[in-house]
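*Asks:* I'll drop the sequence and a predicted model, then ask my questions.
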Amino acid sequence: MKKTLEWVVRHPIPVLLVLILTTGFLGYQIKNLKIDPDITKSLPQNIPAKRLYDRMSELFPTKEFIMVLYKSDSLFSVRAIQQIDELTDTLEEFPEVYTVISPTNVKIIRSQNDGMEVKEALEEWPATAGDIAAFRERLYSNPIFIRHLIARDEKAAAVLLLLHKDVDAKEFAGRLLHFLDEYNQSHGTHLASAGRPIVNFYISEGVARDMRVFFNSGILLMLVLLFFIFRSFRGVIIPIVVVMASVIWTLGLMALVGSPMSHATGMMPILLMAIGIADSIHILTHYYQKAANENDRKRLASETIQELWSPVVMTSLTTMVGFLALNTSNHEALMQLGIFTAFGVFVAMIWSLTFVPAMLGMLSIKTRAGWRMEKSPMSRRMEGYGMLLIHNRNLLFGGIVVVVMLAAAGLIRLHVESSSIQQFPKQHPLRQVLEYVNEHFVGIQTFQIIVEGEAPGAIKQPEVLAKMDSLAQFARTLPHVGSVQSLADFIKILNRAMHGDDPKYERIPAPVERETGTFFVERNGREVAIEKTFEVPGAELIAQYLQLYEMSAKPDEFAQFVDFDYQNAKITVFLNDDRGSVLNNVDRQISRFIQQHFGDLRADITGMAKLLLVVRDMVVRGQTLSIIVSLLLVWLLTSFMFRSMLLGLYNAIPLFFGIFLNFAIMGWFNIPLNVETMVTSSVAIGVGIDYAIHFVHRYRQRILAGDDYEQAVPNTMSTAGVAILFNSITVAAGFALLVLSAFKGVRYMGLLLALTMITTAFGALTIIPVLFVKFQPAVLKRAPGKRQI
Amino acid sequence: MRQRIFWSGLSLALAVGLAVTLARALPQNQKDGRKIMQQVLQGSRWKDMTADVTLIITNAKGDRRIRKIKLFSRKRTDDESDMLMRFIEPADVAGTGFLVIEHQNRDDDRYLFLPALRRVKRIASSGKGGNFMGSDYTYYDIGEPKLDDWTYPSVGDTTLDGQACYVITALPVSPKIARETGYSKIVHYVEKARMTIIRSDYYDRRAKLQKILTIPEMIRLAGIWFQTHLIMKNVQDNRTSEMKFENININQNLPKRYFTQRYLQRWQRR
């Protein structure tokens, strides 16, 4: 290592050339970087709900839908109805749209005295108030679709676009939004839209915006901080180049391997900036401290890096471990965040060990007044803090115990919650539309229950349809369920319509039904018609109803409900709330109902809502594991570094403290656990451990140099203490930039991360010294091995 | 060598001469698309017919739905027909009957008989009434052609499967027709020799090709051409609907009572 670093300082040109060329290559790749916020797409195949979701896409032609809202204070007016009808026609012309269901074209099945009628709700544009009343009445006679199409307050109508399954729904959503804007301007309408693809579109926009904002504000913050710390050109430029390089290399690698940005990886650049800058600050600080006593620039650079490479490597390694521990979550977006951020940290380390010394070796030495660390006012202040600690250690100890107990009380209040709607700030246009839709329509979040028959035609059996119907009826009673759609509803309506609109017949035919009908018999050589009651299999009734409906149906009219050969059916449950707790309740109740009532009929739940639940569970469960794993790894790593399990444990104490406090604050301030906030502890472990390492390392050096346990505290404070303080403030300030995010989850995460940096640094600067003085571990006096840092 | 050139030159001259003569012989407006379509229609004018029809719908994945139907049809007036369909297969709908009485100036009357209920029900449905049995044929496609719904702005010539054809472009006369039929344009290929349509291309309202009807098979019965195999390919959804006609009999003076509700209801479970 020594020789390599020496070589780097002596041969800066080839080193810089390699670095610049690689940066150019990877930077060029970034143009291929994609943004994909759909966190369910990358779920692993070993999850049953995900497998079923993919199978559903094979069986049924469409899975995503978008609602286009037509808002008007007088919805049932000639003008509004005409506009809705025209809009329906216009929207049908998008090739991405599989079918359009609107208040004007929805099929209405009605019984008439001598038969029945299957007609579109609007046949001709209304002219009179009577026409309008008739239209409204027809529309309201369709129980299956009414709340999908007309708002409860009658101030909006919805045109539903069912998208082809193979279109890029998010990309289409973007174009549709643009189209609707233009339509509004040219037609004076107030169209808005909602639906999963629209949400995903806005999330990607937010991710792209976040990345821009983070990058710009990150650089600005670094400029200010670095200038404040070093007040020199090189002190600003060198760390910024290191950080930019690590961001560019990482994004380039993501593009190269085809990993898209999600709103988890979206925060990676800011993490890298905050973390990556630490090493170069550390090196530059040391450089300036030595500069006063050195006049050979190559030797100065070489010695600086020789003395610092091992803490740089160690802190980078621990940080990487913290991020790699995210891999235990089994959740693709988090795993990618973990892997790529770890890679970025590694890149920053490489640049700190090559680019920084190479540059420093080329630049003429400039000394800065006041940079002999031991003499600076800051180090004197930290020394004072160290003294204070020793004198008040019992008080402090008690204070910490109180804080920990308060924190423990906060833990009880922790709850898990996730909602993509609530990710958006209250005044966001999408959030307003979604809230309106959830209040006045059936909702846009969906579960799908796939009923799998054993043979073609299974779904036409009365027993199967009856079970599907009972499930739908049960689901309708659950909180926040706005609507349930299944083939069974059509059969019930047809059964009623074919029995003179008798409400008693709004049911699935029994396996054997008694019907009365006309027969022809020979009487006195003449054929006469007589009425007779007879028994008929319910299955035949159902088959014939379906045939009747098909008589004039579009191909695939039922394709959303049943597959081509009637073997598999799809029941869709619409929810008007997307909070995880609501979804979880509905999911559980439905699966219990299936278990209790479906017997050997196979039915399973999937759908976007189910996948979101799966993601949530994976993250929450994976997180606990990842905290344990990363704590263990960090303990092992530091134990190895210090050649002592006990010292490793001391290192881990500030982390326990920081993580504990983090969750407590979430509890006290009612911040729910979710995908974003869960990442905080992993980051905290990886970054927070550095402070402890620095402190313990320097403290032991002081002890070995002959200080006693108390003396060593102020002496460590004046050197490592200052560095830790600066470092944690810099990193916390960087993380705090995440509050500029478009998403609430990321904002919380920024605050929590910043806070955790402060608490772990506080832990290193307070708890560790107090404990050292109190317990005076003998291991600190043992001379370290040769490779000891 | 020289001789061959001579002969081919001669035959070319003859062919050109013949064509010119023929063209002169035809009235000047014969090139008019509407006239050609009328002639086509005239050539397939039967009074009544019965046939066994097989309808095969194949979806994009290759799954098939097969229906067998006994069909009775007659021309009630020049441009109105009656049609009775009796379903034979699949078994769970066997006996289902469907009676359509066409009207030129109002919605058609449609009656349905469900053997499971032993009742005839009148079925009312919108405008031109959507698709036939969930196939890619609309009722408009299989109904009596309505020449007045279309204008025929251009007629061209081409060769299709070795047969000289007129290419007739038909455009809807009004936005209303476009809306009701769902077509912005239909291109018919009329085979000159037999004066029958052998292919039609249907363009949807976005002016994109939606369906191609081909007629690979027809037979001549009592002096008229009868299409016995129709393949409608939906090129957008990759679905095919085939109709095959067998045991065709025409002009047998089918009794009027076949096209009544009472006859529709007269079906006995076998």
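*Replies:* That came through fine. Residues are numbered from 1 along each chain as shown, chains lettered A, B, ... in the order given.

*Asks:* all contacts plus neighbour counts: C-alpha atoms, from now on.
*Replies:* Fine.

*Asks:* next, work out how far apart residue A:427 and residue A:211 are.
*Replies:* 21 Å (Cα to Cα, to the nearest Å).

*Asks:* so these two - more neighbours on which side?
*Replies:* residue A:211 (21 against 8; other Cα atoms under 10 Å in any protein chain shown).

*Asks:* for the strand or helix carrying the more buried one, buried residues please.
*Replies:* Using DSSP states H and E, residue A:211 sits in helix A:196-230. Residues of helix A:196-230 classed as buried: A:196-211, A:213-215, A:217-219, A:221-223, A:225-227, A:230 (neighbour count, 16 or more other Cα atoms under 10 Å in any protein chain shown).

*Asks:* after that helix, which helix or strand is next?
*Replies:* Following helix A:196-230 in sequence, per DSSP H and E, is helix A:233-257.

*Asks:* average pLDDT across that following helix?
*Replies:* Across helix A:233-257, pLDDT averages out at 91.

*Asks:* same check on stretch A:56-74?
*Replies:* Mean predicted confidence for stretch A:56-74 is 85.

*Asks:* who's in contact with it?
*Replies:* A:80, A:84, A:98, A:154-165, A:169, A:189-198, A:450, A:559-563, A:568 (Cα atoms under 8 Å, 6 or more residues apart in numbering or on different chains).

*Asks:* can you give the distance of stretch A:554-565 from its chain's centre?
*Replies:* 34 Å (Cα atoms, centre = their mean, to the nearest Å).

*Asks:* no wait, stretch B:243-258
*Replies:* 16 Å.

*Asks:* could you see whether chain A lies near it?
*Replies:* No. Residues of stretch B:243-258 contacting chain A under Cα under 8 Å from any Cα of the partner chain: none, with a closest distance of 14.0 Å.

*Asks:* narrow the contacts of stretch A:56-74 to those in helices?
*Replies:* A:80, A:84, A:169, A:196-198 (DSSP state H).

*Asks:* hmm, which two among the residues you listed are most spread apart?
*Replies:* A:80 and A:169 (28.1 Å; Cα to Cα).

*Asks:* more neighbours: the two, which one.
*Replies:* Neighbours per residue, other Cα under 10 Å: of residue A:80 and residue A:169, the larger number sits with residue A:169, 22 against 18.

*Asks:* and that one, what does it touch?
*Replies:* Residue A:169 neighbours (Cα under 8 Å, 6+ apart): A:64, A:163, A:197.

*Asks:* the first one and chain B: what is the separation?
*Replies:* Relative to chain B, residue A:64 is positioned 18 Å away (criterion: Cα to the nearest Cα, to the nearest Å).

*Asks:* one more: the last one?
*Replies:* For residue A:197, the distance to chain B under the criterion Cα to the nearest Cα works out to 23 Å.

*Asks:* check what pLDDT residue A:15 gets.
*Replies:* So, for residue A:15, pLDDT stands at 88.

*Asks:* neighbours around the nearest residue to it once chain neighbours are set aside, how many?
*Replies:* In this structure, residue A:15 finds its nearest non-sequential neighbour in residue A:8, 6.7 Å apart by Cα to Cα, 6 or more residues apart in numbering or on different chains. If you count neighbours by other Cα under 10 Å, residue A:8 ends up with 23.

*Asks:* I'd guess residue A:8 is in a helix, am I close?
*Replies:* Yes. If the criterion is DSSP: H, G, I helix; E, B strand; the rest coil, then residue A:8 is within a helix.

*Asks:* quick one, helices of the stretch 351-500 of chain A?
*Replies:* Per DSSP state H, counting those that start in this stretch, the stretch 351-500 of chain A has helices spanning A:377-391, A:393-412, A:429-440, A:462-476, A:487-497. These are given in chain order.
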